[in-house]
Structures are given as C-alpha cells and as structure tokens.
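J.: pasted the sequence and its predicted model underneath.
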Amino acid sequence: MKDSKLSLPYYKLSFLAELIGAELIGDDIEVNGISSIDFQVINTISILSLTSKLKLYDGDATALIISDDIYKRKQDFGKPILKVSDSRLSVVKLLNLFFPEEAVKHSISSHSIISESADISSPVEIGHFVVLGDNTVIGSNTIIRHNVVIGNSVTIGSNCIIYPNVTIYDDVVIGDNVIIHSGAVIGGDGFGFIPTADLPIRIQQKGNVILDDYVEIGANACVDRATLGSTIISKGTKLAALVMVGHNTILGNSCLVASQAGFSGSMIVGDHVLVAGQAGFSDHVNIVSNTTFGGQAGISNDIKEPGLYMGSPCMPLVKYAKSVAIFSKLPELQRRIKDLEDKSN
Amino acid sequence: MKDSKLSLPYYKLSFLAELIGAELIGDDIEVNGISSIDFQVINTISILSLTSKLKLYDGDATALIISDDIYKRKQDFGKPILKVSDSRLSVVKLLNLFFPEEAVKHSISSHSIISESADISSPVEIGHFVVLGDNTVIGSNTIIRHNVVIGNSVTIGSNCIIYPNVTIYDDVVIGDNVIIHSGAVIGGDGFGFIPTADLPIRIQQKGNVILDDYVEIGANACVDRATLGSTIISKGTKLAALVMVGHNTILGNSCLVASQAGFSGSMIVGDHVLVAGQAGFSDHVNIVSNTTFGGQAGISNDIKEPGLYMGSPCMPLVKYAKSVAIFSKLPELQRRIKDLEDKSN
Amino acid sequence: MKDSKLSLPYYKLSFLAELIGAELIGDDIEVNGISSIDFQVINTISILSLTSKLKLYDGDATALIISDDIYKRKQDFGKPILKVSDSRLSVVKLLNLFFPEEAVKHSISSHSIISESADISSPVEIGHFVVLGDNTVIGSNTIIRHNVVIGNSVTIGSNCIIYPNVTIYDDVVIGDNVIIHSGAVIGGDGFGFIPTADLPIRIQQKGNVILDDYVEIGANACVDRATLGSTIISKGTKLAALVMVGHNTILGNSCLVASQAGFSGSMIVGDHVLVAGQAGFSDHVNIVSNTTFGGQAGISNDIKEPGLYMGSPCMPLVKYAKSVAIFSKLPELQRRIKDLEDKSN
C-alpha cells in the first residue's frame, strides 16, 4: 500500500494541526503518512472517529486524530493526538498533503492508434493500446490510460482521468476535471424499441452524452446516449460503480449516486439529489432538487417536495417508517381483527 | 452531434409526409435532419408528441411533427407541421432516412491478432487490438470494433456489430443481425458452487451461450455460459445495459428487458415478455409468454397467466395496487383497530 | 460445444460408478462425455435429477445418472443408469474427469507491454495487448488473458486466471487460485465524497484491495479500493457477475454472493454468508457468520443471529413469510375493519 511508503516527507504534528485546524495534545513528533484505524502503520497518524473503533487505539500508529466526541470519552491514548471537530474534512486535507497530485508528463504510447485528425493538447498522457477516433479533441493535463477506446468526434476537456478499459462512443462531450473509472461505457445506445406482434422495431439512437465539469463516473457504470439531443450529467455530479443512466435523462449539479442505482430514460433530476444504492427511477419522472432517496427506493412518480424518501414505491421517510414498522406486525393486527370479530358475533 | 451535420441531403416536407403517412400543414419547405424538441436544431424537423413539451414549440426547428392529440390542443405553431397518428413510428422512419446504414468496407486492422484457423467472410470490419481465437467464424458485413476479445470456437453470423471492449468466451454461438454493446461479457462462467463446511466446491461450467438472430445486448450486460448445454437468448430479444442472465436460462423471442434486471439460472421465459428495470427472477422459475413485470419486481414462483405483475414478491397489478395503497395507510388501520378494541372493552 | 467433442477418451460406466459412488444398473457400456438432460448428446451420460425433467429421459444420451428419489418413481429408462444419492457432487466429479485442467505452458505475448520491473514466475501465460505495471508480481501457473490491464505494485499469486478485459488498479494484492472474470474492476476508487452547498469534496482513495486464496470474481463485478487500509475478500468467497463491494468492506471466508448483489462501504461480513441476487447492504453494517439473505433483501442494520432473512427491510424468514402473506390480503383486512366499525356504530 502506498500509505506505508518510506519515501514520503515527514511532517511535524504542529504543522498538521495548523493545516486541519486541530488541537495538538502531546509531543510534537513527526509522521510521514496517514493510516486507517483498522490497518495502522508505524510513523503515520491514524483516524479514530468512531466510538466503535475506540478499542483499537493502542495500535502501530504513532499519533491519532481524534474527534471531539471521542475525546469526551477518553483523553489518554499513550501517544500524541490531534483533536478536531470534523474528522472527515481533516482526512481530506491530510490525504491531499500526503498524496499530492502528480504533474502530467507528456507521453503518448506508440502502441496506441491515434487518428491523424485528433486534436491533442500538451501535456497529455495516453497509455498503451488506446484507440482515439477521428476529430477527437483532448484537453491539456488529461490522462487516458491503457486500452481505452474513444470514438469519433469526441471532445474531452482538461485535467480529466480516463481509467483503463473505458469505452466512449462517438459524439460524447466531456468537460474539465472529469474522472471515468474502468469499464464504464459512455454513450452506448439508449434502449429504444417499439414492441410489435413480431420482432421489436429498433429506434436508432443518434443523440449524444454530455458530462459536465467535475463529473465522476464509477467503474462499469453506463450512461446511454440520447435518441436525439443529449443525455446530460451536470457539474459536480458523481456516480458510483455499476450505476445506470438511461437515454435523454438530465441529472442536475452535485448529485451523489451510490452504486447499482438506476435512472431510466427521459428523466429530469434536480441539483444536490442524493441516491443510495440500488434505488431505481421510472422513465419520464421529474425529481426536485435537494431530495434524498434510501437504498432500494423505487420512484415511479414525480417528486415535488425536497426531503428524504424511502421504500418501493417510495414515501416520505416518516410515513415509510411508520408503515414498515406495522408491516412486521401484520400477523398481530390480523389476530386483533379476528378477536374483535369473535367478540362482536 | 450528428443531427447538426450540414452534409446531409435536404428533403421536402411533402416527401417526408408521404414516407411517414403524415398530413402536411403549411409550406412545403426542406429540412436536412431530425431533432428532439428539447434540443432543436435549425433546418431540422422536431418531434412534439408530449403535451408537457407543448411550450417548447417556438424553438429553432424549422418544422414540427405533431401527434393528433397535440393538434387538438393547438393548431398554429408559426411553422409548417406534419400531423401523424403514431409519432414513434414516424421517428423510426425519419431516423432511418436521415441516418442510413453505411455499407461495411472490408478492413482488418494489422494491429489485431487473428488466429490462422479463423474463418472470416468478406466484407467484414475488424478494429484495432482485437483478438480472435482459433476456429472462430465471422459472417459477412459484421463489424468488430476495437479491443474486442473473442475466444476459441466462437461463431458470429452476418450483419452483426460488436462494440469495443466486449468479451466473448469460447464456444459462444451468435446469429445474424446481433448487436452487442461495449463491456458486455458473453459466456462467462455460470455461478455454480456447492457450499460445504470448508471451501465451496466449484462446478466447472462447460456449456455455452447461444444468441439468436436480432438479439441486442446492452453495455456491460452479462450472459453466463451453461454448466452443460446452452444458455439461450432467442430471436429478437433485447437486453438493456447491466442486465444479467444466469446459466442455463432460456429467454424466448422478442422479449424487452430494461437495465439492471436479472435472470437467475435454469429459468425458462416465454416470448414477448417485458421486464422493467431492476426486476429480479429466482432460479428454476418458468414465465409464460406475454407477461410484463414492473420495475424492481421480484419473481420467485412460476408465472402461468399472461398479464402485468408488480411488487416483490410480485402480484397481478390490480391486486398489487390495492395492497400498496393500503400499506401507506397502515398507521390509520392500526389506529382504527385500537379504537374498536377500546370501544369493545 | 466442448461436450460434443469426439476426441475425449471413453470411460466404462463401471469406472464412473466407482468414481462417483454410484450403483450401475444395466450394461457396462462406454461414454465419452457428460451432457445436460435438456441438451443430450450421443455417447454421453446425462444427469436426470429433477422430477420435472423426467419426461426427457428418452433422449440422445447413451446413459443416465439418476438420483435416488427419481429412481423411486421410475426404474426402466431403456438405457443403462448410474444411481446416486448426491447428483450435484457426481456432476462435479464427472466434469473434472472429462474436462481435466490443462497445464500452463509458459508464453508471454510479444504484443503485450510488460514493465521491466515486473517479477514474473514461470510458467505463466500472458495474452495479447496486456499491460503489466511497475513492480507487479505474478506467481507461477497463472494465466492472464488478452487486453487485461494491471497497474503498478500489484501482486498476483499462483494458479490464478484473469480473463480478458479485466482491470486491476495499483496496489491490489491477490492470493493463489483466484479467478477473475471478464470486465471485473478490482481496486477502483471507493465512493467517498462530502456533500457541500456547492461541489462535493472528493476524498482520495489511497488504500487497496486484497483478494485472498480461492476467491472468484464474476464478470463485470466491482471491488472498490479502501480510502485507507484494505477492502478484503477472504478465502474461498465467490462473487457472481455484476456484484458490487464498497470500500473498506471486509467479506469473510466461503461466502457465496449471487449476481447484482451489493455491499456498501465499511461493512464486516462473517463466514459462510449466502447472498441471493440483487440483495443490498447499507454501509457500516455487521453481518454474523452463517446467515443467508433472500433475493432483493435490504439489510440496513446489524445481523447478530445466524439464519435466513428476507425482505426489504429484511426480517427472519418465518416472520417475513407471515407478513407478506397478509400484505396481499390487506384489502380484505381493511374491509373487515370497516365491517366491525359499521357494526359498532
């Protein structure tokens, strides 16, 4: 693991405390990395933010990051600690310190097939066995890893990373700072067929996909191209692995979509929508901004009120929780009705 | 987007009206493409078939296709219109007109590794970094795109398209006019293990997969090979992205399966079965023809009556709708029982 | 299909009977393969273990394997039979006899890019268009098929098979006898973002993935790397196609996970856990050993008692079955309450 590498520079705890806004309690020693509380590494600082992990404090890590509420339960850890109010943000800052982004060094593998009409900025990094179609445009500081296939007339912005074995179909437009993980398929044909008494009639899919700036697409996720027009993932929206986005659907800004969730076609989803794993949306449904959907939620109607929804078909959380609680008591309810009937006869 | 290309030929509206059986109302002008009502393009004809999109009529498109029921609400659009009874079929015909299938030009990349025992018709198109195993057979007018891996003893018919990064395992048999989208895996090992008190015992999977004519497989979908015999997808059946078909399962003709739906092993599914997204079927279940399953439906028993089924476990639609409606009123039901109990005491 | 190949050696039924502990009833003829009852092949022995398949006995197969309970219903099949108590184990043994593992012949494609710092044992088999990163280690008798991309500092043990188009990110550790099917992505970034009023803040994912000995990963399945530390799949655990394992989750030994099931992040799952298709687990949930989850089960709380759980949210089987049975009778229950109310007024 990278976090055990010895080549990293060492930082004083006081420096880290300043960086993350922590209080240093104990000696101002040096560490050269960050490790998880479950897999502590010597010479690193480890994050202890869950009370359920409290018993693990006495591990190999040389120092600990402690959240306020942990500190209320225990003060003496036998090693220096950094006390913080928000351990998650602290982790982000420390990861960015210990794992700084490396500058892209211009390199294009001679084992890749790049169309002569491709317009490639510099620096870019293009791995082996990549195919880059006609009239593609690649912005600067973008990395395209091995075995990626990019179709014709594709535009990719700056500072993007396309991981191995990704496929991007023709005409896809990708903004800046976009990350696409391995196996993802961007721009595959939308699922458009008209059933008949014989074979289904195929509707050609001739639109495209637009991924706006700061979008991230998880491993093996699929975003289908529009029939006409565009399937759009807006700025800052992140899809986890194995997520599906159907044709002509438009996702708003800064949505977070957990793995195996699925959006059907022709949906319009607002901004800051959070979707837990395996939730599924019917086609042509509109979702207002600032809504959250629980795991395996099923959404078949427009959602017009922001809030938290659960269940399939989904309901507002409070309503769902009440009904679900009674669901498990249905046998009792049935018996009580029987008792009343017996009494009344 | 391709629909904005200027190189397309122009067609008179009267010609299009004849082609799709529409009534032309307005000037017989020319257009060179078709666009969606949400992303209208100048010099194209745009489809206005949903009343919810009516307010978008005044966009860039030069002409509109209007469905009968839209025309009943509004007659004057300030531009020529084609009035049709079935807008979906009209779109199919216009897409096929404006995006005619291109003839396959024989080309086999010298950057691909083709077994000497492969039997390849002409013309075929084989992209870069393709691997074609021993004794494979490829029919004429078939296109195999970049980075596709095809195992040994695979047969692929005519007029097929295999998109980039597809994997086809040994012994798979594929008919004519089959389309397989990127990342799909055809013929991976069925999931066959016998649990024990120690390690599970592995059952070798030595059957194959058969995809009949006109089958389409979505991006990153998986069709597992049979233990012995064949997993079969019959003629005209279409699977969307991320669909799973387990080993030894047989899907009938002309089924339409939406994304993330899953078929377990050893199932038999009839013809013209429609499956919405994320629906799941238990193993060894038989499904009669002409059934439709709602999103996230869970099917663990044989379905012997055609019809529409929803819920998990699934029920006929009418029954499901009634029970679901009451589910959300369970707290009220519980209170009414309590009231009755209080009264009777 | 391989099972119809004529080049296999022939075996006497008495030899097979000895191997699988069966009773031979009929002539001691020879067969050269095994076939399924649905797709019988001449000169093979076919397995008839389901009463629902009984009517297929009169097919092309030259001999039949019959389970005890089948034999109780019918004795005369017009061909020799092998009577067994456990037909599944018999099939395993016969498959291993007729399809013996082939020895790995050392071969590394000159069309692959292997880092000079890679440490590769002999014999290994490396296909075409493979990329092997710096400081990777490959054990002996391991097969890496075409178009596989393996990052830097990856360790893969002995006797593994990595199928085409698999991606393995940096720092992944893989034990011996591991099988990874096509399209699987091992070590993609965990889904770690902190929502804000503006763009989500990205948490770098710098841990790794560890796949222990005898693990099998299905086609297009995804195992995300840990934020820090490791995501771990323990010895003998098998994931089917399109399964998702979130970051920092630890799966125990000998679990069997059916397709499209999903584990969120930071979970701890015990040993011998069986998960049916499309089941989903919330993050930070702990699952005790020897539990089984039904299809589409939703698990959002710790499971502390071994047993069988179904439903979403999941419940012990008996409880679930009772509630579900009443769910479909809710309209009747509602009517009975109404009747009681009418009577009491």
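T.: Structure received. Numbers count the residues shown, from 1 in each chain, chains lettered A, B, ... in the order given.
J.: report the contact partners of the closest residue to residue A:107 other than its chain neighbours.
T.: Spatially, and ignoring its direct neighbours in sequence, residue A:107 is nearest to residue A:125 (5.4 Å; C-beta to C-beta, 6 or more residues apart in numbering or on different chains). Placement of C-beta: from N, CA and C, glycine included. By C-beta atoms under 8 Å, 6 or more residues apart in numbering or on different chains, the residues touching residue A:125 are A:104, A:105, A:106, A:107, A:108, A:142, A:143, A:144.
J.: how about residue A:125, phi and psi?
T.: Backbone torsions of residue A:125, given as degrees, to the nearest 10, read phi -120, psi 120.
J.: one step back: closest to chain B out of the contacts of residue A:125?
T.: Of all the contacts of residue A:125, residue A:144 has the smallest distance to chain B: 13.2 Å, by C-beta to the nearest C-beta.
J.: how much space separates that closest one from residue A:109?
T.: 10 Å (C-beta to C-beta, to the nearest Å).
J.: show me which of these two is the more surrounded one.
T.: residue A:144 (27 against 17; other C-beta atoms under 10 Å in any protein chain shown).
J.: need the pLDDT of the more buried one.
T.: On pLDDT, residue A:144 comes in at 98.
J.: pretty sure it sits against residue A:130.
T.: Yes. Look at residue A:144 against residue A:130 with C-beta atoms under 8 Å: they come within range, at 5.7 Å.
J.: give me the common contacts of those two.
T.: Applying C-beta under 8 Å, 6+ apart, one finds that residue A:144 and residue A:130 are jointly contacted by residue A:150.
J.: what is the neighbour count of residue A:43?
T.: Neighbours of residue A:43 (other C-beta under 10 Å): 18.
J.: mind listing what it touches?
T.: Applying C-beta under 8 Å, 6+ apart, the residues contacting residue A:43 are A:10, A:30, A:31, A:32, A:33, A:62.
J.: so who does residue A:241 touch?
T.: A:181, A:218-221, A:259-260, C:185, C:188, C:191, C:222, C:224, C:244.
J.: also residue A:182?
T.: Residue A:182 touches A:163, A:164, A:165, A:166, A:219, A:220, C:149, C:167, C:169, C:185, C:188, counting by C-beta under 8 Å, 6+ apart.
J.: just give me the closest of those to residue C:324.
T.: residue A:220 (32.6 Å; C-beta to C-beta).
J.: what's the closest non-adjacent residue to that closest one?
T.: Residue A:220 sits nearest to residue A:183 (C-beta to C-beta, 6+ apart), 4.0 Å away.
J.: can you get me a residue count around residue A:56?
T.: Residue A:56: 16 surrounding residues under other C-beta under 10 Å.
J.: correct me if wrong: it contacts residue A:35.
T.: No. Residue A:56 is not in contact with residue A:35 according to C-beta under 8 Å; the separation is 11.4 Å.
J.: mind listing the helices for the stretch 1-150 of chain A?
T.: All helices of the stretch 1-150 of chain A, identified by DSSP state H, counting those that start in this stretch, fall at A:13-20, A:68-73, A:87-98.
J.: tell me the most buried of these?
T.: Of all the helices of the stretch 1-150 of chain A, helix A:87-98 has the most neighbours on average by mean count of other C-beta atoms under 10 Å in any protein chain shown, namely a mean of 19.
J.: quick one: average pLDDT of that one?
T.: pLDDT averaged over helix A:87-98 gives 95.
J.: so what touches that helix?
T.: Counting contacts by C-beta under 8 Å, 6+ apart, the residues outside helix A:87-98 that touch it are A:3, A:8, A:11, A:16, A:19-22, A:32-34, A:45, A:47, A:49, A:65, A:67, A:82, A:84, C:194, C:201-204, C:206, C:227.
J.: whichever of these end up buried, select them in PyMOL.
T.: Selection of buried members from these for PyMOL, criterion 16 or more other C-beta atoms under 10 Å in any protein chain shown:
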select buried, (chain A and resi 3+8+11+16+20+22+32+33+34+45+47+49+65+67+82+84) or (chain C and resi 202+203+204+206+227)
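J.: just the contacts of helix A:87-98: which are in strands?
T.: Those of the contacts of helix A:87-98 mapping onto strands are A:11, A:34, A:45, A:47, A:65, A:67, A:82, A:84, C:194, C:201, C:202, per DSSP state E.
J.: just give me the closest of the residues you listed to chain B.
T.: Distances from chain B to the ones in strands among the contacts of helix A:87-98, taken by C-beta to the nearest C-beta, are shortest for residue C:202, at 24.0 Å.
J.: distance of that closest one from residue A:168?
T.: 21 Å.
J.: and residue A:177, by the same measure?
T.: From residue A:177 to residue A:168 the distance is 16 Å (C-beta to C-beta).
J.: ok, residue A:150 - contacts?
T.: Residue A:150 touches A:130, A:131, A:132, A:133, A:136, A:144, A:156, A:162, A:168, counting by C-beta under 8 Å, 6+ apart.
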